[in-house]
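Enquirer: pasting a predicted model and its sequence here:
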Amino acid sequence: MKIGFIGVGNMAQAMIQGLLNAKVSSEDIIVHSAHATNYEPFAKANGLKTAQTNLELTQMADMIVLAVEPSLYQQIIQEITGALTKAKILVSVLTGITLGQLNAAADMANLPIVRLMPNVNVKINQGMTAIVGNDAAQESALDQVQTVFEKLGSVTALPEQHFSTFVALAGSSPAFIYLFIDSLSRAGVKYGLSKQQATQIAAQAVKGSAQMVLESDKSPFDLIDQVSSPGGTTVAGLLAMEEHGLITSVIKGIDATIAKDRG
Ligand SMILES: NC(=O)C1=CN([C@@H]2O[C@H](COP(=O)(O)OP(=O)(O)OC[C@H]3O[C@@H](n4cnc5c(N)ncnc54)[C@H](O)[C@@H]3O)[C@@H](O)[C@H]2O)C=CC1
Ligand SMILES: O=C(O)[C@@H]1CCC=N1
């Protein structure tokens, strides 16, 4: 299967790196983006095929991944619609653009369209991706896209009404989690650790804690109790964090992310 990427920015590059890590042949990946000077060095460094236009890329690919700014979706679909067929799959990773809007951008109701929401951790094959398809994608397109993205981490089917929530909890949240790691690390620097060592310690603690939540049958709150020795350090830290509203500030951040996605 030939996979084409329209737009070769941060997200497309993360997906492509994950595919290459998973031994997808670079010969099967085609790219085109607005500025050749930006994407051609990336294509050359990774042995990818390039197309001269979005339309040519659509002619060359079986699966066409839209990875441009969301506001460009109508313009791009108008450019490529002539080359879309029932045998090809249009995949959108754009935030805030529904299957209905994609369907309506050209007369595409009979063509398979899959909406995906990956996160940037697909770059190291540890992504979290949501997937939903239009009616025409139900036969086999959805399965084909899911098979490709399972190479890049976890994939979960999700009704489209929950996509905005998913954007906040998984699409944007790597940035929030990096901020939490950096905050821990800065605190380490405050107490005399080097930034590099503090970041490594904080990141490993976050990684291990996430793995524990995934592998345990206990809720995160039960796990908190296991770390909190009576009269100990952890409960002192937790209470001071909550005095400054950690839970409220996280939920406010999620509220703002969802509101932005919903326009
Ligand atoms: N960055 C992330 O972690 C995630 C991003 N997304 C979605 O992915 C999409 C891309 O996001 P980023 O990669 O972060 O943005 P970006 O700004 O890094 O990349 C956008 C790309 O689109 C290209 N482009 C602009 N106009 C074009 C045109 N007319 N034809 C072809 N290519 C064109 C640009 O040259 C650039 O390569 C957005 O819709 C975003 O909502 C979804 C999930 C996570
Ligand atoms: O910030 C953004 O809009 C994109 C979507 C999810 C992650 N990055």
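Expert: Structure's in. What do you need? No experiment lies behind these values; they were computed from the predicted model shown. Ligands and ions are numbered 1, 2, ... in the order given.
Enquirer: buried ones in stretch 114-124, by neighbour count?
Expert: Neighbour-count burial for stretch 114-124, counted by 16 or more other Cβ atoms under 10 Å, picks out Val114, Arg115, Leu116, Met117, Pro118, Asn119, Val120, Asn121, Val122, Lys123. For every residue, glycine as well, the C-beta is placed using N, CA and C.
Enquirer: now tabulate these in a markdown table and tack on pLDDT, secondary structure and distance to ligand 2.
Expert: What follows is the buried residues of stretch 114-124, written out as a markdown table (pLDDT from 0 to 100; DSSP: H, G, I helix; E, B strand; the rest coil; distance: Cβ to the nearest ligand atom, whole Å):
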| residue | pLDDT | secondary structure | distance to ligand 2 |
| --- | --- | --- | --- |
| Val114 | 97 | strand | 17 |
| Arg115 | 98 | strand | 13 |
| Leu116 | 97 | strand | 12 |
| Met117 | 98 | strand | 8 |
| Pro118 | 98 | coil | 9 |
| Asn119 | 98 | coil | 7 |
| Val120 | 98 | helix | 7 |
| Asn121 | 98 | helix | 11 |
| Val122 | 98 | helix | 12 |
| Lys123 | 98 | helix | 13 |
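Enquirer: which of those residues lies closest to ligand 1?
Expert: Val120 (4.0 Å; Cβ to the nearest ligand atom).
Enquirer: surely the closest one and Pro174 touch.
Expert: Yes - counting by Cβ atoms under 8 Å, Val120 touches Pro174, with 5.3 Å between them.
Enquirer: for ligand 1, tell me which of the buried residues of stretch 114-124 show up nearby.
Expert: Met117, Pro118, Asn119, Val120 (Cβ under 6 Å from any ligand atom).
Enquirer: list the contacts of the residue in the stretch 1-150 of the chain positioned nearest to ligand 1.
Expert: Nearest residue of the stretch 1-150 of the chain to ligand 1: Gly9, at 1.8 Å (Cβ to the nearest ligand atom). Gly9 makes contacts with Ser33, Ala67, Val68, as judged by Cβ atoms under 8 Å, 6 or more residues apart in numbering.
Enquirer: skipping adjacent residues, who's closest to the last one in space?
Expert: So the one you mean is Val68. Nearest in space to Val68, with sequence neighbours left out and distances taken as Cβ to Cβ, 6 or more residues apart in numbering, is Gly7 at 3.7 Å.
Enquirer: given the lengthiest strand in the chain, what are its sheet partners and their directions?
Expert: Looking across the chain with DSSP state E, the single longest strand is strand 127-133. According to DSSP bridges, strand 127-133 forms sheet pairs with strand 113-117 (antiparallel), strand 153-157 (parallel).
Enquirer: columns distance to Asp222 on top of the ones you listed, output as a markdown table?
Expert: Formatted as a markdown table, the strands paired with strand 127-133 follow (distance: least, Cβ to Cβ, whole Å):
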| stretch | distance to Asp222 |
| --- | --- |
| strand 113-117 | 29 |
| strand 153-157 | 23 |
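Enquirer: and of these, who's closest to Gly18?
Expert: When these are compared by Cβ to Cβ, strand 153-157 sits nearest Gly18, at 7.6 Å.
Enquirer: close to ligand 2, is the helix or strand following that closest one?
Expert: Beyond strand 153-157 in the direction of the C-terminus, DSSP states H and E gives the next helix or strand as helix 163-166. No - residues of helix 163-166 contacting ligand 2 under Cβ under 6 Å from any ligand atom: none, with a closest distance of 9.8 Å.
Enquirer: what is the orientation angle of the following helix or strand past helix 163-166 with strand 127-133?
Expert: Per DSSP H and E, the first helix or strand lying C-terminal to helix 163-166 is helix 173-190. Interaxial angle, helix 173-190 versus strand 127-133 (axes from the mean of the first three to the mean of the last three Cα atoms, to 10 degrees): 160 degrees.
Enquirer: from Ser249, how far out is Val206?
Expert: Separation of Val206 from Ser249 (Cβ to Cβ, to the nearest Å) stands at 18 Å.
Enquirer: neighbour count for the two, which is higher?
Expert: Neighbours were counted for Val206 and for Ser249 using other Cβ atoms under 10 Å; Val206 has more, 15 against 11.
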